[in-house]
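> Next come a sequence and a model predicted from it.
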Amino acid sequence: MDVDLNADQKILVQTVRRFCEEKVRPFAREWDKTSTFPHQVVRELGQLGMLGILIDEKYGGAGLGYREFALVCEEVGRYDGSLGLTVASHNGLGSGHLATFGSESQKQKFLPKLARGEILGAWALTEPGSGSDSAGMRTTAIRHGNGWRLNGAKMFITQGTVCGCVVVLAVTQKEKKHHGITAFLLEPGKKGFLQKSLHDKLGMRASDTAELVFENVELTDADMLGNEGQGFANTMAILDRGRISLAALGCGMIRGSLEESLKYAKQREAFGKPISDFQAIQWKLANMATEYHAARLLTWRAASLADQGVPFSKEASMAKLFASEAAMRATSEAVQIHGGYGYTQEFPVERYLRDAKLLEIGEGTSEVQRMVIARHLLNSM
């Protein structure tokens, strides 16, 4: 499974794997059961360098590329989707937006802490009334004196109540539509900034998800992230990169489901022999393995283009679309292979199935990915 990895990438994967075997695998079930965010383990991932993968070394990051980022997301997701989502969101969205479009003073203030895992980054785009239609947002930032007043709400924000800084997209000039959206960087504790944790989720229960409310939050021009009116364009670039991480997370879930299914199929007997001897089970395993490698290659293709600095929007959407839907197929088949036991919490496959569903929704639904891919195809003719 490590074909085409260079020596450094192999060491990176082995390091994350050892960490997850010791610190994640034994506790993932309990985190999910109690909806507990694993603060200590996340901090230890930061100390290991896994929360500053894409951050430049001059700010304390690892200065690695998207191929390495994908490898880390896959490896963590193989053991726990919730923790994988934390790693993906922190690196790809919150920290990623700041590292790409932030001012030098913003970078110096926040990136070293983000890279070390001393604080987590969040990214607030989705609203109660607008998800895929990000241009239809209602959160506003209106000029007030020499600054701004932020009002509105964001929904389903990953790391929303555990973050040390959050990127917020807001409408600054409604009449300009897409070109009237601006990003701001906030710290928790500002007057009028409320954070509410959301529980009772289908899956990803150990990942922090929140509603954020802004009531006349006072901001300055120094809080602006990037140029005024460039928030939407910058957001599209960040989403493309984030889709690589969710595709990689899907690869991890497929792989985890396959490994659990192989182990169970060899041990479980029916009609006097292991169920792995039955063609019906073998075909399920074969399909899971084939789709794992296909999803991984699509993910690596998008990551490679991103590292080269060439356009990769279509490839990122293809990877995210295929990997997320393949993850749903694989996790469902894993439950089927486990039979009645797969429907219980005794085995992790039911958790994989619940967690995988988010991949078809977050950072652009499967329907949105198909729209993006089709648009690229039609515009290329």
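Perfect, I can see it now.
> Contacts only, for the residue of the chain most remote from its centre.
In the chain, counting by C-alpha atoms, centre = their mean, residue 272 sits farthest out from the average C-alpha position, at 43.6 Å. Residue 272 sits next to no residue when contact means C-beta atoms under 8 Å, 6 or more residues apart in numbering. All C-beta spots, glycine's among them, are computed from the backbone N, C-alpha and C.
> Tell me the predicted confidence for it.
The score at residue 272 is 96. That number is its pLDDT.
> now swap in residue 326 and tell me
pLDDT at residue 326 comes out at 98.
> Then it would be within a helix, right?
Yes. Using DSSP: H, G, I helix; E, B strand; the rest coil, the assignment for residue 326 is a helix.
> hang on, residue 125 packs against residue 154?
Yes. If you go by C-beta atoms under 8 Å, residue 125 and residue 154 touch, sitting 7.2 Å apart.
> count of residues packed around residue 171?
22 (other C-beta atoms under 10 Å).
> now swap in residue 359 and tell me
Neighbours of residue 359 (other C-beta under 10 Å): 28.
> ok, now residue 353?
23.
> That one sits in which helix or strand?
helix 349-356 (DSSP states H and E).
> for that helix, packing partners?
Using 3 or more C-beta pairs under 8 Å, 6 or more residues apart in numbering; DSSP states H and E as the contact test, the elements touching helix 349-356 are helix 28-34, helix 81-89, helix 231-267, helix 313-338.
> what's next to that helix, contact-wise?
28-29, 32, 81-82, 202-204, 250, 253, 256-257, 260-261, 324, 327-328, 330-332, 334-335, 337-338, 342-345.
> Do a quick rundown of the strands in the stretch 151-300 of the chain.
For the stretch 151-300 of the chain, the strands defined by DSSP state E, counting those that start in this stretch occupy 165-171, 181-186, 193-197, 209-219, 224-225, 269-270, 273-274.
> any chance of those in JSON lines, with distance to residue 88 too?
Listed next are the strands of the stretch 151-300 of the chain as JSON lines, based on distance: least, C-beta to C-beta, whole Å:
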{"stretch": "strand 165-171", "distance to residue 88": "15"}
{"stretch": "strand 181-186", "distance to residue 88": "20"}
{"stretch": "strand 193-197", "distance to residue 88": "19"}
{"stretch": "strand 209-219", "distance to residue 88": "14"}
{"stretch": "strand 224-225", "distance to residue 88": "20"}
{"stretch": "strand 269-270", "distance to residue 88": "38"}
{"stretch": "strand 273-274", "distance to residue 88": "36"}
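> closest one to residue 232 among those strands?
With C-beta to C-beta as the criterion, residue 232 lies closest to strand 181-186 of the strands of the stretch 151-300 of the chain, at 4.2 Å.
> In that closest one, which residues are buried?
181, 182, 183, 184, 185, 186 (16 or more other C-beta atoms under 10 Å).
> cool, stretch 37-45 as well?
37, 38, 41, 42, 45.
> got the contact list for that stretch?
19, 23-24, 27, 31, 51, 76, 83, 86-87, 117-118, 120, 162, 206-208.
> distance between it and the chain's centre?
16 Å (C-alpha atoms, centre = their mean, to the nearest Å).
> gap between residue 361 and residue 323?
Distance, residue 361 to residue 323, by C-beta to C-beta, to the nearest Å: 14 Å.
> And the two? Which one has more around it.
Using other C-beta under 10 Å as the criterion, residue 361 and residue 323 rank with residue 323 on top: 33 against 16.
> Apart from its chain neighbours, what residue comes closest to that one?
Distance criterion C-beta to C-beta, 6 or more residues apart in numbering; nearest residue to residue 323, sequence neighbours excluded, is residue 250 at 3.4 Å.
> Touching, the one you found and residue 331? I think so.
No. Using C-beta under 8 Å, residue 250 is not in contact with residue 331, being 9.8 Å away.
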